[in-house]
Structures are given as C-alpha cells and as structure tokens.
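> Let me see the structure of the following:
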Amino acid sequence: MAALPPLVDQHSHGTVHGELGIGSFETHLAGAAGSGAAPAGTTFFDSWTGLAVRRWCPPLLGMEPHCTPVSYLARRRELGAYRAARLLLRGAGIGTFLLESGTPNDLTSPAELAAAADGRVHEVVRLEPLAEQVADTSGTVDSFIGNTAEALYAAAQHATAFAMGITFCDETPPDPREVRRATARWLTGRPAAGHRATDPALAQHLLWSAVATGLPVQLHCGDPQPLLGFLRATAGFGTDLVLLPERPHHRRAAQLAAAFPHVYADAGPRPGETLGEAPFGKLLFSTGARALPELYVTASRLFVRAMSRLAAEWVADGICTRSEARRIAGLVAAGTARRIYRLDAAGSG
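As a prediction, this is how the structure comes out:
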C-alpha cells in the first residue's frame, strides 16, 4: 500500500520540557502503560511500548535500532531536549495534532508543539479544568453558572472540540435545582479539597452545555456502554460525539459508533478489531501521547504498520482493490478527523 497522508492525531497532551534521566523517562513509560513504578530489578523498557521506542526512535536521533536504553538516553541528552523532541515529532508522520488543554504546565502548549513538530495544532478544551478556572473567579452559585456559560461560549469561538471524562450521563440534562445544589457543595468544599467537578449533576451539566455549542465533544469514557442512553438522546442535536475508551473497550465503542450517525470512536491500538465493527468513516486515529515525544512516534508507527498489514490482507483475499484499501486507510488516518473536526475550514489544519 502506498504511504498514508500525514496523520491527524485526534487526541494528545503535549510533551515535557527539559532533560530526562532514565528514572523519569521510565516513569513516563509506565504512565503510558497505566502502571506504577516498575518493581525492583525490572524495567519498563521490557514492555511492548519500551520495545517500540527502541525500534523506532533511535534512527530518528541518528542511532541504530534496538540500542540500549542508556545509550539512547545519552544521545538524547547530547542533542538536547528541544532538538531531540523536534526530530522525534517531525519524524512521527503526524501533520495535525489535536491537543487537549488543561494539561499540567510542564507540558508543551499548542504553540510550542506546533513549532517543534512543524505541524498544525488545534486546541481541544477539557471541561473539568475550564470549570476550575471559572470557579476561581466565581464566589457564588449564580456567578459560577453564568460565568461557565460565558466561558463555554468564548472557548467555542477558537476551540476545535471539547473533551470530558465521563462514566455515565442521563438521557436528559440534569434538573437546574440539582445543578445549583451540586455547585454550592463543590464551591464550598473546593478551597480545602481542591477537587474537580465530579458531582454527577454538575459534570452532566457541563457535558450537556458543551453539546449545546455544536462543537464535537470527545468522551473519555473507560467503558462506553453506560453512555448508551446519552448517545441515543443526543442523536438529533447536530453535535458529533467521539468515544475515547480505555482498553479493552475499543470494540464496543466501535459498535456504538456504528449504531448512531453522530457517534465516532477511536480506532484503538489494534485497528483490525475496530474496523470489523463499524463503517470505516466512523473510526479515527490517535496517539493519546503524553509527556514523551517518543510516544507520538511509536503510536503512529504501530498504527501505520497495522493498517498496512490489514490492507495487504484485504487486497490479497480479493476483498477490495489497492486503491480502495488506500482510501479506507486514509479515512481512519486523517480524512474522517479532518471532516468532523472541520480542520479544512477557513484554510486551517
């Protein structure tokens, strides 16, 4: 199969600033795997992600594949953090990044990532930190509710999408009285606890408010099945919803994307599983990368290889022609994301 177009990474968080020793590097590797620190005598370089880093990243820094972790990190320090990140990001094959806002300050901003990657970067506004920012300047329930509406409207003028972590949402917006009570509880307890707006009524209020803007909304949902009623209820709103599940729930997310015209799903780390469950134009590539530029490289390489193998199998089995295989792969890699996130509007993306 011919080379794919530059990928559109629909979900990432940015990279760290500064140099990384082997301990901090491994901590970020562990975070990518959803794990804690490696047990004594073991290393997260002995993982699927660690092997992928050692295979695909050293050549981008002028080294042979499979070099030792110590040698790789020494080369990284020799080049300097910014130059190494630039080489890795520019070698990842990603042309457009959708970067989630509200990430820690030690990660790159959209402008910084765009400069390092020499690509387009679009902001996805995360709702939870947006609510926290509004709460910082809202002393009363009325001011918080009013300021939140204004903040969402303002964000919708420049953002590409909204995003939120949600495990369940009712089929109708929450009762305004319950939203007020939940807001009062949160504002009262927040100075001491500093916690996010996790009360179900308040969280669902934020989500329904974002849906009302018309921008696509990404749902970080773990298992998407409990959102079935919400997906059904929003079918006529004109707002696209994108499911970003956790493993092993990508297959179910693809099935839900197939069931509703306005629902899309992340293709996941094994696109062969999801492409069998949904129309090809309902699935999108993402890296989910955070902190390490290497994670952009490994996710993109593994995705391209998986899609290439699938396309070759389909062509060999007579399921489709080579041109059809290229078109299908291009949809998942970039085309569908460009369409639903409107990345070509006004010459953007």
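
> going forward, measure contacts between C-alpha atoms and count neighbours the same way
Fine.

> Quick check, F97 in contact with D9.
Yes. Between F97 and D9 there is a contact at 4.9 Å, judged by Cα atoms under 8 Å.

> On the three-state scheme, F44 is what?
Here F44 is recorded as coil under DSSP: H, G, I helix; E, B strand; the rest coil.

> oh sorry, the question was meant for R232
R232 ends up helix, using three-state DSSP.

> any idea where the strands of this structure begin and end?
7-12, 94-100, 120-126, 161-165, 217-222, 241-245, 263-266, 283-284 (DSSP state E).

> between these, which gets nearest to T321?
strand 283-284 (20.4 Å; Cα to Cα).

> contacting residues around whichever helix in the chain runs longest?
When every helix of the chain is counted residue by residue (DSSP state H), the longest turns out to be helix 293-316. Here helix 293-316 makes contact (Cα atoms under 8 Å, 6 or more residues apart in numbering) with 1, 4, 7, 14-15, 49, 52-53, 56-57, 85, 88-89, 91-94, 269-272, 285-287, 289, 320-322, 325-326, 329.

> hang on, the earlier thing: select, out of the strands of the chain, the one closest to Y72.
So among these, strand 94-100 is nearest, using Cα to Cα, at 22.5 Å.

> Which neighbouring elements make contact with that closest one?
strand 7-12, strand 120-126 (3 or more Cα pairs under 8 Å, 6 or more residues apart in numbering; DSSP states H and E).

> let's see 10 Å
When contacts are defined as 3 or more Cα pairs under 10 Å, 6 or more residues apart in numbering; DSSP states H and E, strand 94-100 packs onto strand 7-12, helix 110-117, strand 120-126, strand 161-165, helix 293-316, helix 336-340.

> Averaged pLDDT, the second one. What do you get?
Right, helix 110-117. What helix 110-117 shows for mean pLDDT is 95.

> Report the angle between that helix and helix 293-316.
70 degrees (axes from the mean of the first three to the mean of the last three Cα atoms, to 10 degrees).

> Number the chain from 31, please
Happy to do that; since the first residue is 31 now, the last one works out to helix 140-147.

> tell me the angle the longest helix of the chain makes with strand 124-130.
Going by the same axes, to 10 degrees, helix 323-346 makes 120 degrees with strand 124-130.

> Check which residues of helix 323-346 are buried.
By neighbour count on 16 or more other Cα atoms under 10 Å, the buried set for helix 323-346 is 323-334, 336-338, 340-342, 344-345.

> And stretch 239-257, by the same measure?
Neighbour-count burial for stretch 239-257 [16+ other Cα under 10 Å]: 239-241, 243, 245-255, 257.

> Check stretch 228-238 too.
Result for stretch 228-238 [16+ other Cα under 10 Å]: buried residues P230, A231, L232, A233, Q234, H235, L236, L237, W238.

> picking up where we left off before, is it possible to export the strands of the chain to JSON lines including distance to A214 and mean pLDDT?
Converted to JSON lines, those look like this (distance: least, Cα to Cα, whole Å; pLDDT from 0 to 100):
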{"stretch": "strand 37-42", "distance to A214": "33", "mean pLDDT": "97"}
{"stretch": "strand 124-130", "distance to A214": "28", "mean pLDDT": "97"}
{"stretch": "strand 150-156", "distance to A214": "22", "mean pLDDT": "97"}
{"stretch": "strand 191-195", "distance to A214": "21", "mean pLDDT": "97"}
{"stretch": "strand 247-252", "distance to A214": "25", "mean pLDDT": "96"}
{"stretch": "strand 271-275", "distance to A214": "29", "mean pLDDT": "98"}
{"stretch": "strand 293-296", "distance to A214": "33", "mean pLDDT": "98"}
{"stretch": "strand 313-314", "distance to A214": "39", "mean pLDDT": "98"}
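
> tell me the most buried of the ones you listed?
Highest mean neighbour count of the strands of the chain: strand 313-314, a mean of 30 (counted as mean count of other Cα atoms under 10 Å).

> State the paired neighbours of it in the sheet, together with their directions.
Using DSSP bridges, the strands paired with strand 313-314 are strand 293-296 (parallel).

> How far away from the center of its chain is the strand it pairs with?
Centroid separation for strand 293-296 versus its chain: 12 Å, with Cα atoms, centre = their mean, to the nearest Å.

> Next: stretch 234-249.
For stretch 234-249, the distance to the chain centre is 16 Å (Cα atoms, centre = their mean).

> can you check stretch 142-152 too?
Per Cα atoms, centre = their mean, the displacement of stretch 142-152 from the mean C-alpha position of its chain is 16 Å.

> end to end, how far does that stretch reach?
Start to finish, the residues bounding stretch 142-152 are 12 Å apart (Cα to Cα, to the nearest Å).

> Tell me the buried residues in that stretch?
Residues L143, A144, A146, A147, G149, R150, V151, H152 are the ones in stretch 142-152 that count as buried (16+ other Cα under 10 Å).

> quick one on the thing from earlier: tabulate the strands of the chain in JSON lines, adding columns for distance to A62.
Output for those, formatted as JSON lines (distance: least, Cα to Cα, whole Å):
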{"stretch": "strand 37-42", "distance to A62": "12"}
{"stretch": "strand 124-130", "distance to A62": "16"}
{"stretch": "strand 150-156", "distance to A62": "19"}
{"stretch": "strand 191-195", "distance to A62": "17"}
{"stretch": "strand 247-252", "distance to A62": "15"}
{"stretch": "strand 271-275", "distance to A62": "15"}
{"stretch": "strand 293-296", "distance to A62": "17"}
{"stretch": "strand 313-314", "distance to A62": "19"}
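
> Nothing else from me, thank you.
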